[in-house]
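# This is the structure alone, sequence omitted:
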């Protein structure tokens, strides 16, 4: 800068920030998404999901005396309220966890005031099994990657399973056996391993997507319907479902189901594999299974996703950035990058 100048930069809070949350992890999102914005010096407005707001209410009761008035706030509303929040001139920083469709709508509204927006959106994530994989571990990983405890309602679920031709039948059999152990049950029963979908409307969407896939040539290996148990038939439960004989261009392999539906795709040529893996509009996570470390690193670089596991799936690690590419979002969460994103950098130059 020269002998007569001092230059330094500082980070300042935005002021009022808003975080709009999804329904699939209501208390997890409500509790873990407040720290970065407030630690950076902002006040925060939380908007929990209209489908599941009660845990956020309870959290606010417990935190009543933890912050000065006005620092942590909660509103519940539908789409009109969300639009008012996003467009408000005194809310310059917006964060969303939700669908790509909602993300595009919020980005369009926020762009009218050039607001800073970060988003964790949907995913149509790939689980890739190489012939060099430990078959038992890869099969168990494919099951775990479906996040069946919450009925597959996870943006990070690896709902497309790409199995190499040479191990296809073996892996498919093991995955079917593993997913079959998850049976819908009452949420108050400690033995329950799998919950329900968010609503009957959403179950209807899942049913239509599975029916369309079968009409297009997919084969139901397990599931494919609501439970036969009359206690669950008229409630938003859906059986763990595996669809085999899926091709990468089918809607079921392109669109996020957000349910317990695993699409299984056979592969043989690696070039064709990555063309299929990267053909979707999403790029959130991927899981790669092989005991060949060079092969694993090469595959991880070729997958167009923001968060990749090798011989693992579904894990998040405190301090490690999580976020996607393409229609899966903007920005990173769960890390220093998240904290800094709730600040503005100001550069100051002083003549001495």
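Received it, and whenever you're ready, just let me know what you need. This is a predicted model, so every value here is computed, not measured.
# Helices of this protein, start to end?
Here the chain has its helices, by DSSP state H, at 26-32, 35-39, 54-62, 79-87, 100-111, 135-144, 168-180, 200-215, 230-233, 251-254, 270-277, 293-302, 336-341.
# Pull the residues that contact the fifth one.
Spelled out, that is helix 100-111. If you take Cβ atoms under 8 Å, 6 or more residues apart in numbering as the criterion, helix 100-111 is touched by 20, 82-83, 86-87, 94, 96, 117, 119, 121-122, 256, 281-282, 327-330. Every C-beta, even on glycine, is put in place using the N, C-alpha and C of the backbone.
# returning to what we had before: now the helices of the chain in a markdown table, please, with extra columns for distance to residue 350 and mean pLDDT.
Formatted as a markdown table, the helices of the chain follow (distance: least, Cβ to Cβ, whole Å; pLDDT from 0 to 100):
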| stretch | distance to residue 350 | mean pLDDT |
| --- | --- | --- |
| helix 26-32 | 39 | 96 |
| helix 35-39 | 28 | 97 |
| helix 54-62 | 44 | 97 |
| helix 79-87 | 38 | 94 |
| helix 100-111 | 34 | 97 |
| helix 135-144 | 55 | 98 |
| helix 168-180 | 63 | 98 |
| helix 200-215 | 58 | 98 |
| helix 230-233 | 69 | 89 |
| helix 251-254 | 55 | 98 |
| helix 270-277 | 52 | 98 |
| helix 293-302 | 45 | 98 |
| helix 336-341 | 24 | 97 |
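# deepest of those, which one?
Among the helices of the chain, helix 135-144 has the highest mean neighbour count (mean count of other Cβ atoms under 10 Å), at a mean of 20.
# Mind listing residues that contact it?
Contact with helix 135-144 is made by 127, 129, 158, 161, 167, 170-171, 174-175, 178-179, 262, 287, 289, 311-314, as judged by Cβ under 8 Å, 6+ apart.
# do stretch 62-80 as well
Here stretch 62-80 makes contact (Cβ under 8 Å, 6+ apart) with 34, 38, 43-48, 50, 53, 56-57, 60, 81, 84-85.
# And it, what's buried?
Buried residues in stretch 62-80, counted by 16 or more other Cβ atoms under 10 Å: 72, 74.
# what distance separates that stretch from the centre of its chain?
Between the mean C-alpha location of stretch 62-80 and the chain-wide mean there is a distance of 24 Å, by Cα atoms, centre = their mean, to the nearest Å.
# Kindly report the same for stretch 26-44.
Relative to its chain's centre, stretch 26-44 lies at 18 Å (Cα atoms, centre = their mean).
# Show me the contact partners of that stretch.
Counting by Cβ under 8 Å, 6+ apart, 11-19, 21-22, 46, 48-49, 52-56, 59, 67, 70-73, 93, 95, 97, 334, 338-343 sit against stretch 26-44.
# In strands, which of those residues fall?
Residues of the contacts of stretch 26-44 located in strands (DSSP state E): 11-13, 16-19, 46, 72-73, 93, 95, 97, 343.
# Now do the same contact list for the spatially most central residue of the chain.
Geometric centre of the chain, nearest residue: residue 155, 2.3 Å, by Cα atoms, centre = their mean. Residues in contact with residue 155, defined by Cβ under 8 Å, 6+ apart, are 22, 24, 97, 120-123, 256, 284, 328.
# same thing but 7 Å
For residue 155, the contact set (Cβ atoms under 7 Å, 6 or more residues apart in numbering) comprises 120-123, 284.
# Could you do residue 115 as well?
Counting by Cβ under 7 Å, 6+ apart, residue 115 makes contact with 92-94.
# Residue 180 reaches residue 239, doesn't it?
No - the pair residue 180 / residue 239 is not scored as a contact, 9.2 Å apart, by Cβ atoms under 7 Å.
# Just give me the neighbour total for residue 240.
For residue 240, the tally of surrounding residues (other Cβ atoms under 10 Å) stands at 26.
# Likewise for the one 5 residues further on?
In terms of burial, residue 245 registers 17 neighbours under the definition other Cβ under 10 Å.
# Need the nearest residue in space to it, chain neighbours excluded.
residue 219 (4.5 Å; Cβ to Cβ, 6 or more residues apart in numbering).
# can you count the residues close to the one you found?
Burial of residue 219 is recorded as 13 neighbouring residues (other Cβ under 10 Å).
# are any of the ones in strands among the contacts of stretch 26-44 buried, and which?
Burial by neighbour count, 16+ other Cβ under 10 Å: within the ones in strands among the contacts of stretch 26-44 this picks out 13, 16-19, 46, 72, 93, 95, 97, 343.
# ok, back up a step: residue contacts, the residue nearest to residue 245?
Listed by Cβ under 7 Å, 6+ apart, the contact set of residue 219 reads 243-245.
# Looking at these, which is nearest residue 304?
Nearest to residue 304, judged by Cβ to Cβ, of the contacts of residue 219 is residue 243 at 23.2 Å.
# So the closest one is in contact with residue 252, correct?
Yes - using Cβ under 7 Å, residue 243 makes contact with residue 252 at a distance of 6.3 Å.
# For those two, list the residues in contact with both.
By Cβ under 7 Å, 6+ apart, residue 243 and residue 252 have these common neighbours: 213, 218, 263.
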